[in-house]
Structure formats: C-alpha cells, structure tokens
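**Q** please work out how this folds:
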Amino acid sequence: MLTDYHNHLERGTLTLDYLKQFTDEAEKKKIEHFGISEHAYHFYQTKNILSNPWVDERRFYDMKDYVELFKQAWNQQINVKMSIEMDYTPGKHKEMKEFIDSYDFDYVIGSIHWVDDFGIDLAEFRKEWDRRDLFVTYEKYYDQVVTLAQSNLFDIVGHLDLVKIFNYIPKDEEFLLQQFDRATTALANSKTCVEISTAGLRKPIGKLYPDPRLLQMCFDKGIPIVLSSDAHVPGDVGADYNQAIELARSVGYDTLMTFEKGERKEVPIG
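**A** Just a heads-up that it's a prediction; the model follows:
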C-alpha cells in the first residue's frame, strides 16, 4: 500500500477536470490512498485563525466550493480523500478546532510555516534568515511542533523539519538533537502521525523531510508515518517515492497509517 496525503490544487482550479489530473497520476503510480489538502489560509472561513499581509492577499476560496468539488468527485467514483493543510497558529486552538469540526475531513494536516511574522519557507522572506538568530528561530519552530502535538487537533504533521528548507541548519548537533527529541516526545504522546515528504528533494535543501535522525526518533518512540509528495502540480504526485520508502525501511518502518473520515488503519508499506 502507498499513501499520498499532501497535495494542492492552488496552482490550477477547483474543478473536477483539474482534480482528476492528480487522481489519474496517483492511479498510474499505484497510490491507493490519495488526498487533496489545500492550504487553509486560502479560504475565507479561516480569516479569524491566520491573518497577515502575505496570507490575506491569497485568500480567495470558499469552503462551500471545496466541499462541493469532493462531492462531485465521489459521485463519479473518483478515489480521493478530502483534507486541509492548516497553518498551526499558537493561541488559536479554539478557532482551529471549530473550523476542523465544521467539515467532514478524512484527516487534517497541521504544518508550521510561520515563526512569529517570519514566513520561514517563503522566497520573499529568505533574506530574513541572515538577519535573525538561527538558534532562536529553530527553538521557536520546535516550540510550535510541541504545542501542535499537544493540541491533538491534527492527524498528520506536515514536513516535520521544514525549517531546514533553505539549508540554514545549526552546526551545534547537541542543540539540534535536543529539538528533535522534544518534538518527537510530544508527538509520541499525541494522535499525530509524521509524513515522510519528498517535497524537500525539490527545494534548496535537496533532501527528504524529515532528517533520518529525526525519523529514527519517531520510529523509536512509536510514531506512525504516512508518505506524501506535497505535489502542487499533477506530475509531482508520488514523486521520488523510492527514496521515501528506502528511508522509511532504513529506520525500521514497515507500515503506513491510512485515514478515512477520521478513522485510521495501519497497512504494510509497498
């Protein structure tokens, strides 16, 4: 069994024709468990959760249209799961829960893209990495991983070590492993799974998420995994899965978690 739970339609349209390009690619690559997880910030219904100038310029969807798209797909027997990728926002647990509970998602991804007002993975903010204290940014990022896990609002945490995207990584290994350890301890005490994401191979870092040492801690603490491509175009669905599977097996994983309407089931990898 293979999963690809992290995919986006934002570069195209919320139409059945465009959605089908993704599901056709998943079928071609023998991915049985496939889902779309559009960024929650695109929807008018999340304005009370995350709002800043960068995000507000990109808020152009209505959840009504999103839900309707999936209903159309299911009516045509298209095998696709409905999800959302929500920016985990400290201090907004109540609002996030209300939004998540308002829709019949198969699963929900929580990700961290913002450290205070710093969009850590955005090209527009890249120069900020040289202006800010690297250790403070990392500590604040992993603070959010901990509280994301503790919130227990999410089924999957997206690209767990996204903070490395532009190759700004503390040289102090003890510090880095300390962040990994506290993140995985919190995740192990939650319902949250971790994705192995091939998206990092297409980013400046040129590596999978997460770091093998971080994934090893996940395995050692019994945290389940899924596979994801974070495809923003149909051709990237299931991209480089040979590397993701190899990484999973190298640390000891032989199963993946699957989701349907909030229910989870463990299946063998492959």
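**Q** quick one: the residue lying closest to H6 once chain neighbours are set aside from I156, how far?
**A** Closest residue to H6 apart from its sequence neighbours, by C-beta to C-beta, 6 or more residues apart in numbering: S228 at 3.6 Å. Every residue, glycine included, has its C-beta placed from N, CA and C. The spacing between S228 and I156, counted by C-beta to C-beta, to the nearest Å, is 8 Å.
**Q** pull up the overlap in contacts between these two.
**A** Both S228 and I156 are in contact with 5-6, 195, where contact means C-beta atoms under 8 Å, 6 or more residues apart in numbering.
**Q** narrow those residues to those in strands?
**A** Mapping the shared contacts of S228 and I156 onto strands (DSSP state E) picks out E195.
**Q** out of the shared contacts of S228 and I156, flag the one nearest to T89.
**A** Ranked by distance to T89 (C-beta to C-beta), the shared contacts of S228 and I156 are led by H6 at 18.7 Å.
**Q** ok, now which ones touch the closest one?
**A** With C-beta under 8 Å, 6+ apart, H6 has these contacts: 35, 37, 85, 109, 156, 158, 195, 197, 199, 228-231.
**Q** could you give the number of residues near E128?
**A** 16 (other C-beta atoms under 10 Å).
**Q** quick one, what contacts it?
**A** For E128, the contact set (C-beta under 8 Å, 6+ apart) comprises F118.
**Q** so how far is G158 from it?
**A** With C-beta to C-beta as the criterion, E128 and G158 are 21 Å apart.
**Q** again, but for T89
**A** 14 Å.
**Q** show me which of those two is the more surrounded one.
**A** Between T89 and G158, G158 has the larger neighbour count (other C-beta under 10 Å), namely 26 against 20.
**Q** for the residue nearest to H6, what are phi and psi?
**A** Per-residue torsions, S228: phi -150, psi 150 (degrees, to the nearest 10).
**Q** surely it and S197 touch.
**A** Yes. Assessed by C-beta atoms under 8 Å, S228 is found in contact with S197 at 4.9 Å.
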